[in-house]
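S.K.: Predicted coordinates and the sequence they were generated for:
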Amino acid sequence: MKQSLINITDKISIAHFTEENITREYLSWLSDTEICKYSRNGLYMYNKAAALKWYEELEFDKTIVYAIYYGKAQLHIGNCAIDQIDWIGNSAEIGFLIGNKKFWGKRIATEVGKKLIEICHKRMGLHKVWLGCARGNIGMQHAARNMGMQFECSLKYEMLVDGMYQDVIRYSIFNPSKEIYKND
């Protein structure tokens, strides 16, 4: 039984990522160039020692990583994170890695993303949540818009994908309960 499950739909849930999630299957995701094509994870060779080191070095005040589970069997199908938490600027980035390819195109990132935005706004009191994705990652751009995010900017030649630099498209959403915005 996974600790502190957060139910998102009747089939999708998340729970804090733990060392127990560092399995052979998880490591295979991080070594799969198709899965990591649009992720910085794909730039490094991962083995169990490297993954454990990454986990031990996480700064939990700046990064919260969740495992994504599917179904009653609680199959670990991917991860998501609230990252680059800026407690002074009141913002954070969200990110996703759907490692099990059988679940691609099933709106998992969209549903999980809506919950992460809710956690950031309601539980953490952050005013801005954002994500960045390579221009070629059309699926993530659709997911961002389906989460209610708006296009914010394009960062030129920011991410290396298949040996070529692509722009990073940045989307954001603001906390509707905050009334502190002002355009000068």
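M.R.: That came through fine. Numbers count the residues shown, from 1 in each chain.

S.K.: Check which helices and strands the lowest-mean-pLDDT helix or strand in the chain is in contact with.
M.R.: The weakest-scoring helix or strand in the chain, judged by mean pLDDT, DSSP states H and E, is helix 48-56 (a mean of 90). Helix 48-56 makes packing contacts with helix 24-30 when contacts are defined by 3 or more C-beta pairs under 8 Å, 6 or more residues apart in numbering; DSSP states H and E. All C-beta spots, glycine's among them, are computed from the backbone N, C-alpha and C.

S.K.: Please save the CA atoms from the helix it packs on in CSV.
M.R.: The C-alpha coordinates for helix 24-30 follow below in CSV (Å, rounded to 0.1, in the frame of the first residue of the first chain):
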residue,chain,number,x,y,z
ARG,A,24,14.6,-1.8,-12.7
GLU,A,25,11.5,-0.6,-14.7
TYR,A,26,12.0,3.0,-13.5
LEU,A,27,15.7,2.9,-14.4
SER,A,28,14.7,1.6,-17.9
TRP,A,29,12.5,4.7,-18.4
LEU,A,30,15.5,7.0,-17.8
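
S.K.: model confidence over that helix, on average?
M.R.: Mean per-residue pLDDT for helix 24-30: 93.

S.K.: ok, and for it, which residues are buried?
M.R.: For helix 24-30, a neighbour-count test (16 or more other C-beta atoms under 10 Å) marks Tyr26, Leu27, Trp29, Leu30 as buried.
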